[in-house]
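1. have a look; sequence and predicted model below, questions after that.
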Amino acid sequence: MVVITELQSESVEKIVENVEPVAEKTEEATTENNPNNEEMKSEHSEISDNSEEKLEDCEEKSGGSEEKLGAESSETAAKEWHKERYSIVEETRILHYMHEFTYDPETADMVEKFRGHSPNTSKFWQGFIDATGSKRHLNSLLNRWPKLLRKMHTLPIKTEMKLNLYYSLSIPIPEQFMETVRKEANFAVDKDRNLEAFEMKSPEQMEKELNKKKRRSSETIAGGVSEPRVKRAKKSFDETEDVGMWTFLLGKITDPLTQKVRKDQVKPKSVPVWKEYLGPEADAKTVRSCVGHYDTMAKHLYKMPFNTRMKVDLYYGLGIPVNPAFLEALQQKYEITSDENGCIVEYNSEQIQDN
């Protein structure tokens with residue numbers, strides 16, 4: 001055992017007191033002898049900060065790389081869907097499914113617009129997958145159907161089915177298919193070959209026309225000149241009939257609940273519309289007369305004995321270009337917006353008085 005006396009204790013305390021100042025002086029001396037120490041500490045701190053920033057940059061670049069990789073994967077998948085091959089049987093099945101949405105399932109009458117979801121949507125093709133058990137990916141079907149419609153005229157389905165699809169989807173008829181359509185249907189198209197109205201010819205009518213064509217050819221060969229074709233007189237329409245036709249069309253574009261006009265709800269140049277107007281007993285010739293007369297009606301709508309509100313509603317709902325002078329007069333009085341073709345795209349119906 002070691003015993004520390006009071007004298008020894010005091011000596012230890014003095015030694016400790018002397019050591020602390022020496023340590024402080026040593027630290028001061030170190031600082032004085034190395035004035036760059038503080039700068040070194042500061043530089044070390046900056047290096048540490050820079051390292052953290054670079055690490056963050058690397059993380060960001062890594063994240064960007066992942067996003068880029070994901071985009072490239074999607075692009076690669078899209079290219080694969082683009083390359084997928086479809087058999088004629090599968091393409092025909094797709095067209096038959098699409099055709100179901102061109103007519104009313106209850107009445108079997110052709111509809112003005114494609115029913116249900118648009119083929120541009122995943123919901124439509126999910127319905128196809130559910131109905132047919134197809135193993136195709138949704139994106140593959142979405143990518144395929146526009147190409148399929150472009151070649152539809154070459155596929156082994158009936159001409160009437162093709163025309164129903166061209167009409168309901170507002171797709172131009174390919175020029176190389178026009179001759180077939182002329183042989184099998186009475187029809188009307190606009191300048192872009194969009195089908196506006198059509199009616200399939202009966203087998204008897206096609207045979208009769210074919211025989212006439214053969215007979216005219218024989219007469220031309222025998223006599224050198226074919227017989228002139230006799231033109232039939234066109235049906236004339238008076239103002240009373242025009243009023244009835246416009247009133248019918250206004251009813252077709254007006255919502256029965258809200259009484260508001262709905263745009264593009266009817267195709268006024270279509271056979272089904274005028275069949276409905278004339279009734280089930282109407283003959284095909286009279287129906288075609290109404291179809292052909294519509295263009296004349298549209299040019300003179302501004303002259304009809306209707307109030308301004310009714311005229312504007314008809315112009316808007318049926319997408320008819322407004323007579324330029326009449327449109328200018330309307331825009332001076334009312335807030336009416338039109339497109340480059342003179343068709344009304346927006347107006348305040350409550351602002352226009354029934355005058």
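-> Cool, the structure landed. Residues are numbered from 1 along each chain as shown.
2. could I get the full set of helices for the stretch 51-200 of the chain?
-> With DSSP state H, counting those that start in this stretch, the ranges of helices along the stretch 51-200 of the chain come out as 88-99, 122-132, 138-150, 159-168, 178-184.
3. where does pLDDT dip in the stretch 201-350 of the chain?
-> 213-236 (pLDDT under 70).
4. got the CA coordinates for stretch 267-283 in PDB?
-> The C-alpha coordinates for stretch 267-283 follow below in PDB (Å, rounded to 0.1, in the frame of the first residue of the first chain):
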ATOM      1  CA  LYS A 267     -75.300  13.100 -90.700                       C
ATOM      2  CA  PRO A 268     -77.800  15.000 -92.700                       C
ATOM      3  CA  LYS A 269     -76.500  13.500 -96.000                       C
ATOM      4  CA  SER A 270     -77.100  10.000 -94.900                       C
ATOM      5  CA  VAL A 271     -79.900   7.700 -96.200                       C
ATOM      6  CA  PRO A 272     -81.000   6.400 -92.800                       C
ATOM      7  CA  VAL A 273     -81.800  10.000 -91.700                       C
ATOM      8  CA  TRP A 274     -84.100  10.700 -94.600                       C
ATOM      9  CA  LYS A 275     -85.600   7.200 -94.400                       C
ATOM     10  CA  GLU A 276     -86.700   8.100 -90.900                       C
ATOM     11  CA  TYR A 277     -88.100  11.400 -92.000                       C
ATOM     12  CA  LEU A 278     -90.100  10.000 -94.900                       C
ATOM     13  CA  GLY A 279     -91.200   6.800 -93.100                       C
ATOM     14  CA  PRO A 280     -90.900   3.100 -93.800                       C
ATOM     15  CA  GLU A 281     -93.000   3.200 -97.000                       C
ATOM     16  CA  ALA A 282     -90.700   5.700 -98.800                       C
ATOM     17  CA  ASP A 283     -89.100   4.400-101.900                       C
END
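5. now do the strands in the chain.
-> For the chain, the strands defined by DSSP state E cover 185-189, 195-200, 336-338, 344-347.
6. out of the ones you listed, which is closest to residue 262?
-> Evaluated over these, closeness to residue 262 peaks at strand 344-347, with 13.6 Å, by CB to CB. Any C-beta I mention is one placed from the backbone N, CA and C, and that applies to glycine too.
7. among the strands of the chain, which is the most enclosed?
-> strand 195-200 (a mean of 21; mean count of other CB atoms under 10 Å).
8. what angle do helix 159-168 and that one make with each other?
-> 160 degrees (axes from the mean of the first three to the mean of the last three CA atoms, to 10 degrees).
9. contacts for strand 195-200, please.
-> Residues outside strand 195-200 that contact it (CB atoms under 8 Å, 6 or more residues apart in numbering): 159-160, 163, 166-167, 173, 181, 184-190, 267, 269-271, 284, 287-288, 291.
10. residue 116 - how many residues pack around it?
-> Residues within reach of residue 116, counting by other CB atoms under 10 Å, total 11.
11. burial count for the closest residue to it other than its chain neighbours?
-> Nearest residue to residue 116 in three dimensions, chain neighbours excluded: residue 101, at 5.4 Å (CB to CB, 6 or more residues apart in numbering). Residue 101 is flanked by 21 other residues according to other CB under 10 Å.
12. relative to residue 95, how far out is residue 101?
-> Distance of residue 101 to residue 95, given as CB to CB, to the nearest Å: 11 Å.
13. same thing with residue 173?
-> 15 Å.
14. quick one, which of these two is more surrounded?
-> Between residue 173 and residue 95, counted using other CB under 10 Å, the more crowded position is residue 173 (22 against 17).
15. quick one: low-confidence ranges for the stretch 1-150 of the chain?
-> Judged by pLDDT under 70, the stretches of the stretch 1-150 of the chain that qualify are 1-83, 110, 112.
16. 80 instead?
-> For the stretch 1-150 of the chain, applying pLDDT under 80 flags the ranges 1-83, 103-113.
17. can you list the domain ranges for the chain.
-> 88-221, 239-347 (automatic domain parsing).
18. now for residue 294, how many residues are close by?
-> Residues near residue 294, counting by other CB under 10 Å: 21.
19. just checking, it touches residue 266?
-> No. Taking CB atoms under 8 Å as the definition, residue 294 is not a contact partner of residue 266, at 11.2 Å.
20. that older thread, so how far is residue 123 from the residue nearest to residue 116?
-> 12 Å.
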